[in-house]
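**Q** Everything below, folded, please.
(chains A and B)
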Amino acid sequence: MANALINAPKTAKRGDTIEIKALILHPMETGFRPGTNGRMIPRNIIEHFSARWNGEEIFAMTFSPAIAANPFVSFFTVAKESGKIDFLWTGDEDFRVTESVAITVT
Amino acid sequence: MATASTAAPALARAQTSARIVVVGGGFAGTLCARTLKKLDPKLSVTLVEPEKTFTAYPFSNDVLGGFRDLGQQQFGYDAVAKDSVALAQTAATAVDPAAKTVTLGDGTKLSYDKLVLAPGVDLNWTALPGYTEAASEKMPHAWKGGAQIALLRRQLEAMDDGGVVGMAVSANPTRCPPGAYERACLIAHYLKTKKPKSKLLLLDAKDQFSMQRLFEQAWTKLYPGLVERVPLSQGGNVTSVDPSTMTLVTDFESYKVAVANVIPPQKAAAIAASAGVADRTGWCTVEPVAFESTLQKDIHVLGDATLISGVSKSAFVAAEEGKVCAAAIVAKLAGKMPEESQLTNTCYSFVAPGQVIRTTSVFRADKGQLLEIPGSTDTTALDAEPSVQAHEADEAGRWFGTLTKEVFG
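**A** I've put the predicted structure just below:
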């Protein structure tokens, strides 16, 4: 998907603490705002974000309407084994975006 | 003395000669000092400014575009001195709001009855990792002062055809918010005409900006394929720079460039913090009629150092504030209520030589704030005929002449 950006190191030493950054395009419409016609714009937010390293969840968070558009998440984890990190965003209006990166741990 | 206030003592002073110190010889401070003296020749007015020459920011991007001399941007203070405004050509280093004194670089202290601070912005040398004052000699900001503009111009001229010019633009608040995008247009103009294999990469910590559709139209129409902008939501926020490798680093990429123009985060100049008029944001809040600080009595703050909701930090607004503030101070010294004024902001941006886009807004005091009058904004139409932008360019030239003549002439 072109609308998500991931920054994770391509290689790391076993036991290293590494930073992973993820940014996704999303309006994060709160549901508390009237539109130009006076009616409330329906809520449309990302509800959940998770990252799995070879299937094991290493980070997850629940989003709220107070989080700004185009949410940017940065977190730290410990490098354990080579493989794949899968990212998943889910939310209102059946929003579902996946992204994955490969990492080599030596 | 701190409790002595209101009409009676002020009136007494006005009849003798109230002492007014103005710090900062830009559009706001210079015009405020001269207007004070015009409105009441008995006032003792001192303008504190260390530089002998002022370099105006409006039109300075034309210098980078290669179609204007830096000298046309520069003004001295001879006319100010002729107005019997005392000129202290040294820096103001400290303000004691309780004792009502300003300390100058040479150690002397000036006492004031009213202080006007129009010190402009300081670049924040700690906000962007890697971007120090020394780094700016390699990666110029060209955001303040003639030397930096000249440096960036020389670097553009020295660059090989095919090089990438990288611009890193910080988030608001900054002085002249459309200035970075005008600059992108005019650097692109220079590249298109002189170095057509080159590219301009604009890394932007913002998603939206003033006159965005007009600027984007200019990039598409006038400089196709030459300008690439990476907005915040595409990872455009520059988080560090490395001048030794000429690299601009975002959260997601590193970009090696031939010439780097870094416009770092800004704050009110240091004297504002010394005077206790800057708040936690680093900027100054003021009431909207006389621009008196909300934090310190008898200190007025003008121009780019202020943070006024909805009002752009522009030379034109700064000059208007200077005049309005001068009239308000004279009224206050006479024990009268200052009149509420309307402020107009006009902002011209060149998209190419002889082609200018414009936005104008009118503001007035309302509920303790200076708010845009709804419907007052008038902006150059999208898809306007070239003659419209040419006409705006003529207007802009006259505007610059009138404004700088009023302030420095």
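**Q** Chain A: strands as residue ranges?
**A** A:4-7, A:11-12, A:17-24, A:46-53, A:56-62, A:72-78, A:83-91, A:95-105 (DSSP state E).
**Q** for the chain, which spans come out with low pLDDT?
**A** All of this is about chain A. For chain A, the stretches flagged by pLDDT under 70 are A:1-2.
**Q** oops, chain B please
**A** For chain B, the ranges with pLDDT under 70 are B:1-16.
**Q** Near residue 99, how many other residues are there?
**A** With no chain named, the answer covers chain A. 17 (other C-beta atoms under 10 Å in any protein chain shown). C-beta coordinates here come from the backbone N, C-alpha and C atoms, glycine included.
**Q** looking at chain B here, not the other one
**A** 12.
**Q** residues contacting it?
**A** Contact analysis of residue B:99 by C-beta atoms under 8 Å, 6 or more residues apart in numbering or on different chains lists residue B:111.
**Q** Provide the secondary structure category for it.
**A** Following DSSP: H, G, I helix; E, B strand; the rest coil, residue B:99 is assigned to coil.
**Q** so what's the backbone phi/psi at it?
**A** phi -80, psi -10 (degrees, to the nearest 10).
**Q** on that earlier part again, could the strands of chain A go into a markdown table alongside distance to residue B:141?
**A** Formatted as a markdown table, the strands of chain A follow (distance: least, C-beta to C-beta, whole Å):
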| stretch | distance to residue B:141 |
| --- | --- |
| strand A:4-7 | 26 |
| strand A:11-12 | 35 |
| strand A:17-24 | 26 |
| strand A:46-53 | 36 |
| strand A:56-62 | 37 |
| strand A:72-78 | 25 |
| strand A:83-91 | 36 |
| strand A:95-105 | 35 |
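**Q** and of the ones you listed, who's closest to residue B:90?
**A** Nearest to residue B:90, of all the strands of chain A, is strand A:72-78, at 45.2 Å by C-beta to C-beta.
**Q** For chain A, give the residue positioned nearest to chain B.
**A** Nearest to chain B, among the residues of chain A, is residue A:70, at 4.0 Å (C-beta to the nearest C-beta).
**Q** can I assume that residue is in contact with residue B:232?
**A** Yes: if you go by C-beta atoms under 8 Å, residue A:70 and residue B:232 touch, sitting 7.1 Å apart.
**Q** Now the common contact residues for those two.
**A** Counting by C-beta under 8 Å, 6+ apart, the residues touching both residue A:70 and residue B:232 are residue B:207.
**Q** got a list of what the residue nearest to residue B:194 when sequence neighbours are not counted touches?
**A** Leaving aside its chain neighbours, residue B:194 sits nearest to residue B:66 (7.3 Å; criterion: C-beta to C-beta, 6 or more residues apart in numbering or on different chains). Applying C-beta under 8 Å, 6+ apart to residue B:66 gives the contacts B:153, B:156, B:157, B:189, B:190, B:193, B:194.
**Q** and the gap between residue B:66 and chain A?
**A** Per C-beta to the nearest C-beta, to the nearest Å, residue B:66 is found 36 Å from chain A.
**Q** and that residue, what are its phi and psi?
**A** Per degrees, to the nearest 10, the backbone of residue B:66 is at phi 90, psi 20.
**Q** Now residue A:61: closest residue in space, sequence neighbours ignored.
**A** Nearest one to residue A:61, counting by C-beta to C-beta, 6+ apart, is residue A:49 at 5.4 Å.
**Q** hmm, back to that, what residue, apart from its backbone neighbours, is nearest the residue of chain A closest to chain B spatially?
**A** That would be residue B:233: by C-beta to C-beta, 6+ apart, it lies 4.0 Å from residue A:70.
**Q** Going along the chain, name the helices of chain B.
**A** B:7-15, B:27-39, B:60-65, B:78-82, B:146-158, B:179-194, B:212-222, B:270-274, B:315-333, B:386-408 (DSSP state H).
**Q** Tell me which other helices or strands the third one touches.
**A** Just to be clear, that refers to helix B:60-65. Secondary-structure packing of helix B:60-65 (3 or more C-beta pairs under 8 Å, 6 or more residues apart in numbering or on different chains; DSSP states H and E): helix B:146-158, helix B:179-194, strand B:342-352.
**Q** which one of those has the most crowded surroundings?
**A** helix B:179-194 (a mean of 23; mean count of other C-beta atoms under 10 Å in any protein chain shown).
**Q** Return the alpha-carbon coordinates of it using CSV.
**A** C-alpha atoms of helix B:179-194 as CSV (Å, rounded to 0.1, in the frame of the first residue of the first chain):
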residue,chain,number,x,y,z
GLY,B,179,7.9,32.7,2.0
ALA,B,180,9.2,29.2,1.7
TYR,B,181,6.9,28.3,-1.2
GLU,B,182,7.6,31.6,-3.0
ARG,B,183,11.3,30.6,-2.6
ALA,B,184,10.6,27.2,-4.1
CYS,B,185,9.1,28.9,-7.2
LEU,B,186,12.0,31.3,-7.7
ILE,B,187,14.8,28.7,-7.1
ALA,B,188,12.9,26.5,-9.6
HIS,B,189,12.8,29.5,-12.0
TYR,B,190,16.6,29.9,-11.7
LEU,B,191,17.1,26.1,-12.2
LYS,B,192,14.8,26.0,-15.2
THR,B,193,16.5,28.8,-16.9
LYS,B,194,20.1,28.1,-16.0
